[in-house]
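Engineer: No sequence on hand, only this structure:
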């Protein structure tokens, strides 16, 4: 019986947790935590040790890794994040050339705009490319080339099948973020993402013996319960068989008396 209890305890041990994402900002960690919990996946948010800025780890049970990873792909989490103006902080005292400084400025401007667009609800990914032509003292004011920008946005339709942001709104927003840029010189490409699988909590969650768990966890739990039941039945049968085969104390006394 002790062996059966040991085996039972081994079978019902909780599944090992697996780090799904690490080095996350608090906003990204919160977004992922809420998404996974809403879809019935038990999730832990853990603060990483060390570092100047707080970073977080998201972990889930081993059997939920596949479902969790698919959800992150469906909802484009964690969100893309560009360095933006912070790219200048990485120079660490180095003096860039004029060409390098100009390239960094263009990257920084595009990154700042992209980061802002990525915070719009239902925008899955935004990428902005800014081009500011070079000018010199010989450039005539009336022939001065104007800045341009190209924006790519991948989005998910809202509940009423509407875009999260219109092309006109994108153009106006980008034009305000780049010096001398006009909305007419902003090109926008918007593409709708395929909707995620229509699988809500009812499909993902199951109730087993009064416990709420994911579909995969429920299947594994049922399998463990079935194996445990078989083991206990075998142990009970062996115990009963041994008890039946054991000679009774009355039989021993009668045998001694006859001798």
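Structural biologist: Thanks, I have the structure now. Here the structure is a predicted model, which means the values were calculated and not measured. Numbering: from 1, shown residues only.
Engineer: nearest residue to residue 111 other than its sequence neighbours?
Structural biologist: residue 82 (3.1 Å; Cβ to Cβ, 6 or more residues apart in numbering). Bear in mind the C-beta positions are built from the backbone N, C-alpha and C, glycine included.
Engineer: helix, strand or coil for the one you found?
Structural biologist: For residue 82, the assignment made with DSSP: H, G, I helix; E, B strand; the rest coil gives coil.
Engineer: Quick one: classify residue 134 as helix, strand or coil.
Structural biologist: Quick answer, by three-state DSSP: residue 134 is coil.
Engineer: Let me know the distance separating it from residue 111.
Structural biologist: Between residue 134 and residue 111 the computed distance is 20 Å (Cβ to Cβ, to the nearest Å).
Engineer: do the same with residue 233
Structural biologist: Residue 233 is 64 Å from residue 111, by Cβ to Cβ.
Engineer: Who has more neighbours out of those two?
Structural biologist: In this view residue 233 and residue 111 are compared by other Cβ atoms under 10 Å, and residue 111 has more residues nearby, 21 against 11.
Engineer: Just the pLDDT at the more buried one, thanks.
Structural biologist: According to the prediction, residue 111 has pLDDT 92.
Engineer: Pretty sure it sits in a helix.
Structural biologist: Yes. Judged by three-state DSSP, residue 111 forms part of a helix.
Engineer: Contact partners for it?
Structural biologist: 82, 83, 84, 85, 87, 128 (Cβ atoms under 8 Å, 6 or more residues apart in numbering).
Engineer: out of those residues, who has the most neighbours?
Structural biologist: Among those, the one with the most neighbours (other Cβ under 10 Å) is residue 128, at 25 neighbours.
Engineer: That one contacts residue 171, doesn't it?
Structural biologist: No. Counting by Cβ atoms under 8 Å, residue 128 does not reach residue 171; the two are 11.5 Å apart.
Engineer: For the stretch 1-150 of the chain, which segments are assigned as strands?
Structural biologist: Per DSSP state E, counting those that start in this stretch, the stretch 1-150 of the chain has strands spanning 17-24, 43-47, 56-61, 123-131, 148-155. These are given in chain order.
Engineer: Reformat the ones you listed as TSV; add distance to residue 191 and mean pLDDT.
Structural biologist: Formatted as TSV, the strands of the stretch 1-150 of the chain follow (distance: least, Cβ to Cβ, whole Å; pLDDT from 0 to 100):
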stretch	distance to residue 191	mean pLDDT
strand 17-24	25	89
strand 43-47	30	92
strand 56-61	28	94
strand 123-131	10	94
strand 148-155	6	96
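Engineer: Output those strands in a markdown table; the columns should cover distance to residue 70.
Structural biologist: Converted to a markdown table, the strands of the stretch 1-150 of the chain look like this (distance: least, Cβ to Cβ, whole Å):
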| stretch | distance to residue 70 |
| --- | --- |
| strand 17-24 | 11 |
| strand 43-47 | 14 |
| strand 56-61 | 12 |
| strand 123-131 | 15 |
| strand 148-155 | 17 |
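Engineer: for the ones you listed, which one sits closest to residue 36?
Structural biologist: Closest approach to residue 36 among the strands of the stretch 1-150 of the chain is made by strand 43-47 (4.3 Å; Cβ to Cβ).
Engineer: Walk me through which strands the closest one pairs with, and which way each runs.
Structural biologist: Partners of strand 43-47 in the sheet, by DSSP bridges, are strand 56-61 (antiparallel).
Engineer: so the strand it pairs with versus strand 17-24, what angle?
Structural biologist: Per axes from the mean of the first three to the mean of the last three Cα atoms, to 10 degrees, the angle that strand 56-61 makes with strand 17-24 is 160 degrees.
Engineer: In three-state terms, label residue 162 for me.
Structural biologist: Classified using three-state DSSP, residue 162 is coil.
Engineer: Any idea how many residues pack against it?
Structural biologist: Residue 162: 10 surrounding residues under other Cβ under 10 Å.
Engineer: now residue 178
Structural biologist: Residues near residue 178, counting by other Cβ under 10 Å, number 22.
Engineer: next one: the one 3 residues further on
Structural biologist: Other residues near residue 181 number 21, with proximity taken as other Cβ under 10 Å.
Engineer: Good, we can wrap up now.
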